[in-house]
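Enquirer: I would like the atomic coordinates for the input below:
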Amino acid sequence: MSDAVISWIGGPVLRARVNGPFHVHESLAVGEKGLLGEVIRIKEGEIVAQVYEDTTGLRPGHPVRGTGRPLSVRLGPGLLGGIFDGLLRPLDVKNAEAFVRPGGFPEPSRRFFFRPLVKEGDELASGAPFGEVMDAARRLRCPAPPEMKGLVSWIAAEGEYEKTETLCRLAPADGGKEPLALGMSHTWPVRRPRPVSRRLSPSLPFITGQRIIDTLFPVARGGRAMLPGGFGTGKTVLQETLAKWSDADVIIYVGCGERGNEMAEVLREFGELEDPRTGRRLMERTLIIANTSNMPVAAREASIYTGVTVGEFFRDQGLHVALMADSTSRWAEALREVSGRLGELPGEGGHPAYLSSRLAEFYERAGHVQTLAGDEGSLTIIGAVSPPAGDFSEPVTTHTKRYVRCFWGLDIIRAQARFYPAIHPLQSYSEDADTQSGWWQRQGNPDWKEHRRLLLALLDEENRIERLARIVGKDSLPPEQQLVLLFAELVNEGFLRQMATSATDRYCSPARQTAMLRIIVRYMERAKEALTTGSSPAELAEMPIFRALLRMGEDMGEERLPDYQALWKRLDDAFALLPKTEAGHAG
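Expert: Numbering: from 1, shown residues only. Presented below is the predicted three-dimensional model:
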């Protein structure tokens, strides 16, 4: 190991005179306490490093020791159900007096039941499992790290073992003499993507249970989405809803730079949530990385990479993982602060010039893949963005849009009107929608793509007509335009609004979304016909069936799915009873 001596320090950034070789991204032990740091720049005879812990008390002359390894985290059993800081050190949230020891990486003593999957003499490929353990009511595999392979020379018997014990030894495939030791956990550099066999086409949807997302702005399984919105627009609530109701096997929530009271609320609520799949605690398949705004700023920057690395580990288990990052704006602020201390020339908005490439590195680690072990897994990334004053033209938002395929823009006006989710349909988009139309057609709606486009066109037309109505008055509009406003009310209130607190409508399955969408389109078709045969928009709005459609999401939950067919017949019967005139509507 090489060593150095601090020559200058400012906040989380230091310079040190070196004695021996260092490399970029090498992890460091800084000072007498061994604070965790990382080399970020190398000059002749000097390194520049950032420190991930509180640097109070450090001064020139203090030692810096290189580890020879990149900044890494330990991956294995014991992660699910846990709460960690930005460096994956466990936090004891139940003990208010418990703190992470500076420079320490505590390894709680835990035993897991291990069952071998190979025997002596077997060939073990890179990434292939050699055993499995039970962790938080889930069976996890113990894989060989991606860079290790060889012949099994020894394998532990079935039984309980400590997390850090050696359970398998390999004779190296390259002919090396030293056997390779494998345990149920291993370390992996956080800034290096884990390798996969191949990437798969993102043709399957990531089901969230939220109609405005799944139907209008769907994200693919293994896709990338951003959730921008100003203060009070419901970013955190929506991410919690997605965590509970999405079809992901594992949830990773990264609270990056959030206010301490908000993070405490998230920890409390996640601990109380019930998993709708199993009826057990949702935390059993959730991992939380809590990195609040008062924690060291450099650790905030590392927390994003820590979260995505853990996500890749569970993806390689053949699981479908959802990573919620809240928020990448705070992460970008950490980049900006460290960049300023390095004396780098600021770019747009004071952010470093490499902001765009760092965002790309993060979002490009999402994907639907075939793992090295031959399984199919995915990592879906949903990043919240907190633009100042809700300005979507600021740098983090505009750069992020280049690397995601789904944009769910939250609107403060809709949020203030208690419209949830407050996603603005005219500011949002999805590039994944066309690739998923085949899946939705197989759910019972062969016209899903056309129906989706119809709703988007209707909401766009509503926006244009409402501007005109503010000038001339709604009653002065032609009947056709009044009917558009009526349809838009039905779509907004009867389909897109979906309260997270509703016991009936907080989740909507694909089958129910399909049934609701088809019946709304059917109403629109019959109402247009009725308009041509003498009915007025006001009369159509007073029909009991219209009020029933406005309430169908709340009144007809998942257990009443067959009743939607009866509602369809009730709709047709209601329109058949309308009086007709031969001349049609004079309009």
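Enquirer: which residue ranges of the stretch 101-250 of the chain form strands?
Expert: 111-116, 123-124, 129-135, 138-143, 150-155, 159-162, 166-172, 180-183, 186-189, 198-199, 224-228, 250-258 (DSSP state E, counting those that start in this stretch).
Enquirer: any chance of those in JSON lines, plus mean neighbour count?
Expert: Where you see a C-beta, it was placed from the backbone N, CA and C, and this is true even at glycine. Formatted as JSON lines, the strands of the stretch 101-250 of the chain follow (neighbours: other Cβ atoms under 10 Å):
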{"stretch": "strand 111-116", "mean neighbour count": "17"}
{"stretch": "strand 123-124", "mean neighbour count": "18"}
{"stretch": "strand 129-135", "mean neighbour count": "20"}
{"stretch": "strand 138-143", "mean neighbour count": "20"}
{"stretch": "strand 150-155", "mean neighbour count": "18"}
{"stretch": "strand 159-162", "mean neighbour count": "13"}
{"stretch": "strand 166-172", "mean neighbour count": "19"}
{"stretch": "strand 180-183", "mean neighbour count": "19"}
{"stretch": "strand 186-189", "mean neighbour count": "16"}
{"stretch": "strand 198-199", "mean neighbour count": "9"}
{"stretch": "strand 224-228", "mean neighbour count": "28"}
{"stretch": "strand 250-258", "mean neighbour count": "27"}
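Enquirer: now the helix or strand bottoming out on mean pLDDT in the chain: buried residues?
Expert: Least confident helix or strand, the chain: helix 260-272 with a mean of 74, by mean pLDDT, DSSP states H and E. By 16 or more other Cβ atoms under 10 Å, the buried positions in helix 260-272 come out as M263, V266, L267, F270, G271.
Enquirer: helices and strands around it, which ones?
Expert: helix 235-245, strand 250-258, strand 286-292 (3 or more Cβ pairs under 8 Å, 6 or more residues apart in numbering; DSSP states H and E).
Enquirer: tell me the angle of the shortest one relative to helix 260-272?
Expert: The one in question is strand 286-292. Using axes from the mean of the first three to the mean of the last three Cα atoms, to 10 degrees, the inter-axis angle of strand 286-292 relative to helix 260-272 is 170 degrees.
Enquirer: mind listing the strands strand 286-292 pairs with, and their directions?
Expert: With DSSP bridges as the test, strand 286-292 is paired with strand 83-84 (parallel), strand 250-258 (parallel).
Enquirer: returning to that earlier point: now the buried residues of helix 260-272 as a markdown table including distance to H399?
Expert: Conversion of the buried residues of helix 260-272 to a markdown table gives the following (distance: Cβ to Cβ, whole Å):
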| residue | distance to H399 |
| --- | --- |
| M263 | 25 |
| V266 | 26 |
| L267 | 30 |
| F270 | 30 |
| G271 | 34 |
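Enquirer: from these, which two are the most distant?
Expert: Largest separation among those by Cβ to Cβ: M263 and G271, giving 12.6 Å.
Enquirer: nearest to V321, out of the strands paired with strand 286-292?
Expert: strand 250-258 (4.7 Å).
Enquirer: CA atoms of the closest one as PDB?
Expert: Presented in PDB, the C-alpha positions along strand 250-258 are these (Å, rounded to 0.1, in the frame of the first residue of the first chain):
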ATOM      1  CA  VAL A 250     -36.800  -5.600  -5.000                       C
ATOM      2  CA  ILE A 251     -37.100  -1.900  -4.200                       C
ATOM      3  CA  ILE A 252     -34.100   0.300  -3.500                       C
ATOM      4  CA  TYR A 253     -34.800   3.800  -2.300                       C
ATOM      5  CA  VAL A 254     -32.000   6.300  -2.300                       C
ATOM      6  CA  GLY A 255     -32.700   9.400  -0.200                       C
ATOM      7  CA  CYS A 256     -29.900  11.600  -1.600                       C
ATOM      8  CA  GLY A 257     -29.500  14.900   0.200                       C
ATOM      9  CA  GLU A 258     -33.100  15.000   1.400                       C
END
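Enquirer: i'd like the first residue to be 9 from this point on
Expert: Done: numbering now begins at 9, and the last item shifts to strand 258-266.
Enquirer: where in the stretch 59-208 of the chain is pLDDT low?
Expert: 101-109, 111-116, 182-184 (pLDDT under 70).
Enquirer: and V262, what does it touch?
Expert: I297, N299, S311, I312, T314, G315, L331, M332, A333, D334 (Cβ atoms under 8 Å, 6 or more residues apart in numbering).
Enquirer: partner residues bridging it?
Expert: In this structure, V262 bridges to I297, A333 when assessed by DSSP bridges.
Enquirer: same check, this time on T388
Expert: Applying DSSP bridges, one finds that T388 bridges with A330.
Enquirer: count the residues that sit near it.
Expert: 29 (other Cβ atoms under 10 Å).
Enquirer: what separation do you get for R461 and A233?
Expert: 20 Å (Cβ to Cβ, to the nearest Å).
Enquirer: contact partners for L66?
Expert: I14, I17, L22, V38, G39, L43, V59.
Enquirer: looking at those residues, which is nearest L504?
Expert: Nearest to L504 among these: V59, at 46.9 Å, using Cβ to Cβ.
Enquirer: count of residues packed around the spatially closest residue to that closest one that is not a sequence neighbour?
Expert: Nearest residue to V59, sequence neighbours excluded (Cβ to Cβ, 6 or more residues apart in numbering): G45, at 4.4 Å. Neighbourhood size, G45 [other Cβ under 10 Å]: 30.
Enquirer: could you tell me how far stretch 176-190 lies from the centre of the chain?
Expert: Its chain's average C-alpha position is 38 Å from that of stretch 176-190, according to Cα atoms, centre = their mean, to the nearest Å.
Enquirer: equivalent analysis for stretch 403-411, please.
Expert: Distance of stretch 403-411 from its chain centroid, counting by Cα atoms, centre = their mean, is 16 Å.
Enquirer: for it, buried residues please.
Expert: For stretch 403-411, by 16+ other Cβ under 10 Å, it's P403, V404, T405, H407, T408, K409, Y411.
Enquirer: go on, stretch 497-511?
Expert: Neighbour counts over stretch 497-511 (16+ other Cβ under 10 Å) mark L498, V499, N500, G502, F503, L504, R505, Q506, A508 as buried.
Enquirer: quick check: mean pLDDT across stretch 367-384?
Expert: Mean pLDDT, stretch 367-384: 95.
Enquirer: likewise stretch 437-447?
Expert: 93.
Enquirer: again, but for stretch 585-595
Expert: Across stretch 585-595, the average pLDDT comes to 65.
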